[in-house]
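Chemist: okay, sequence plus prediction incoming.
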Amino acid sequence: MWPDTRLCRMLDISHPVIQAPMAGTTTPALAATVSEAGGLGSHGCATLGPGTLRDDIKQLARRTARPVNLNFFCHDERAIDPAHHRRLLDALAPHYAAAGIAPPTGMPEPPFPAFGPAQLEVLLAQPPAVASFHFGLPEAAALAALKAAGCRILASATTVAEARWLADRGADAIIAQGWESGGHRGVFLDVAQDARIGLFALLPQIVDAVEQPVIAAGGIADGRGIAAAFALGAAGVQIGTAFITADEAGPKPLHAEAVRHGADASTRISRAVSGRPARAHRTAWLDDMTQVEPAPFPLMYHYVAPLLAADPETYRFALYGQAAALAPGGTAAERLARLVSDAERVFSGQSHAPG
Ligand SMILES: Cc1cc2nc3c(=O)[nH]c(=O)nc-3n(C[C@H](O)[C@H](O)[C@H](O)COP(=O)(O)O)c2cc1C
């Protein structure tokens with residue numbers, strides 16, 4: 001049924017549907033369920049220490065022998081200067097007071113590192129079928145080691161220039177991530193001047209620019225979106241938001257509530273919580289924070305994590321994308337089956353089946 005099977009052959013999967021890696025939301029159970037059902041399950045591992053990463057890989061291996069994708073961040077690690085640190089504490093002082101908490105003490109330490117030797121060592125001990133990267137790629141030697149161990153490499157691009165950059169450095173397939181996407185934008189070549197391109201404009205231009213198969217991501221949550229992506233030249237789709245509230249995902253009560261509000265729930269891109277642009281549920285606080293220059297990713301968590309913990313309602317940070325209301329319900333396997341059968345209907349000229 002699939003008009004393009006390059007990704008299925010490359011990744012040894014039945015359906016070119018990738019359940020997106022979502023750090024803090026995906027679990028080994030979710031990824032394994034999707035892989036067992038014929039898609040590519042992914043686990044967002046960027047925030048895991050080496051011990052948990054090793055444990056999660058073991059859990060995945062117990063649950064499935066099918067290909068699975070493990071995902072990491074390749075951000076530049078930057079410090080914050082003391083003057084910026086003081087400005088942030090001043091700007092957030094009214095919020096610490098309103099939440100009834102003391103400001104965080106000391107200069108920030110990164111809550112997790114960029115992909116490096118520690119994660120590489122764990123992966124090389126038990127190489128996943130697929131490794132994917134957000135915010136660029138690991139350094140050349142690490143990438144070569146992963147490829148030599150048999151891993152296929154995927155990475156996100158938000159512009160044609162980023163897609164070419166990734167293709168030139170050895171990515172096996174490129175994820176075209178549109179502005180609609182939930183979660184962090186993978187933008188990495190010019191974060192300050194984010195081009196903010198929607199998937200309909202971005203996808204065909206990346207398809208024309210690189211030889212590798214292109215995977216469409218952003219705002220796809222039913223068969224119509226999948227069929228549209230293939231019509232625009234995609235060889236596969238990566239879907240995050242439509243899996244957030246699956247039974248196998250980590251508990252996300254605020255997400256469920258936001259998704260239930262459907263089209264009325266508005267999202268915005270904000271740097272307020274991590275320091276990098278991410279699409280999340282729109283709140284008055286995120287709107288206010290456009291006035292504040294955030295700390296470099298991921299140091300901003302140091303300043304706002306205490307607020308999120310003290311008052312999760314006011315300082316809610318629920319990452320999800322613009323098509324949340326279209327998501328099917330049920331378990332991850334049911335959602336994947338629904339997405340595949342709905343795409344099949346649309347490919348064969350029948351109307352999309354809502355729900
Ligand atoms: C809650 C959430 C967390 C995410 N975390 C990651 C991540 O850890 N790594 C990554 O490469 N992409 C991450 N993404 C982005 C997805 O890979 C993908 O680009 C996006 O979900 C596609 O748009 P959609 O949410 O509209 O389907 C995340 C997305 C969401 C919604």
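Modeler: Nice, I can see it.

Chemist: count of neighbours near Pro94?
Modeler: Pro94 is flanked by 10 other residues according to other Cβ atoms under 10 Å. (Each C-beta comes from the backbone N, C-alpha and C, glycine too.)

Chemist: gap between it and the ligand?
Modeler: Pro94 is 28 Å from the ligand, where distance means Cβ to the nearest ligand atom, to the nearest Å.

Chemist: please pull up the helix or strand immediately following the helix or strand encompassing that residue.
Modeler: Using DSSP states H and E, Pro94 sits within helix 82-99. Sequence order places helix 117-125 as the next helix or strand after helix 82-99, per DSSP H and E.

Chemist: what are the buried residues along that following helix?
Modeler: Buried residues in helix 117-125, counted by 16 or more other Cβ atoms under 10 Å: 119-120, 122-123.

Chemist: could you export the next helix-or-strand element following that helix as PDB, CA atoms only?
Modeler: Following helix 117-125 in sequence order, the next helix or strand is strand 130-134 (DSSP H and E). The C-alpha trace of strand 130-134 is given here as PDB (Å, rounded to 0.1, in the frame of the first residue of the first chain):
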ATOM      1  CA  VAL A 130      18.500   3.100  14.600                       C
ATOM      2  CA  ALA A 131      19.900   6.100  16.400                       C
ATOM      3  CA  SER A 132      18.500   9.600  15.900                       C
ATOM      4  CA  PHE A 133      19.700  13.000  16.800                       C
ATOM      5  CA  HIS A 134      18.100  16.400  17.500                       C
END
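
Chemist: check contacts around Ala227.
Modeler: Applying Cβ atoms under 8 Å, 6 or more residues apart in numbering, one finds that Ala227 lies in contact with 343, 346-347.

Chemist: quick one: it and Lys147, what's the gap?
Modeler: Ala227 sits 32 Å away from Lys147 when distances are taken as Cβ to Cβ, to the nearest Å.

Chemist: same thing with Pro67?
Modeler: Look at Pro67 and Lys147: by Cβ to Cβ, they are 15 Å apart.

Chemist: now do Ala324
Modeler: Distance of Ala324 to Lys147, computed by Cβ to Cβ: 35 Å.

Chemist: dihedrals phi and psi, the residue in the stretch 51-200 of the chain positioned nearest to the ligand?
Modeler: Nearest residue of the stretch 51-200 of the chain to the ligand, counting by Cβ to the nearest ligand atom: Gly183, 2.3 Å away. Backbone torsions for Gly183, taken as degrees, to the nearest 10, come to phi 80, psi -170.

Chemist: that one and Leu319 touch, don't they?
Modeler: Yes. When contacts are counted by Cβ atoms under 8 Å, Gly183 is listed as touching Leu319 (4.6 Å).

Chemist: what do these two both touch?
Modeler: Common neighbours of Gly183 and Leu319 (Cβ under 8 Å, 6+ apart) are 22, 278-279.

Chemist: restrict those to those that also contact the ligand, please.
Modeler: Among the shared contacts of Gly183 and Leu319, the residues within reach of the ligand (Cβ under 6 Å from any ligand atom) are Met22.
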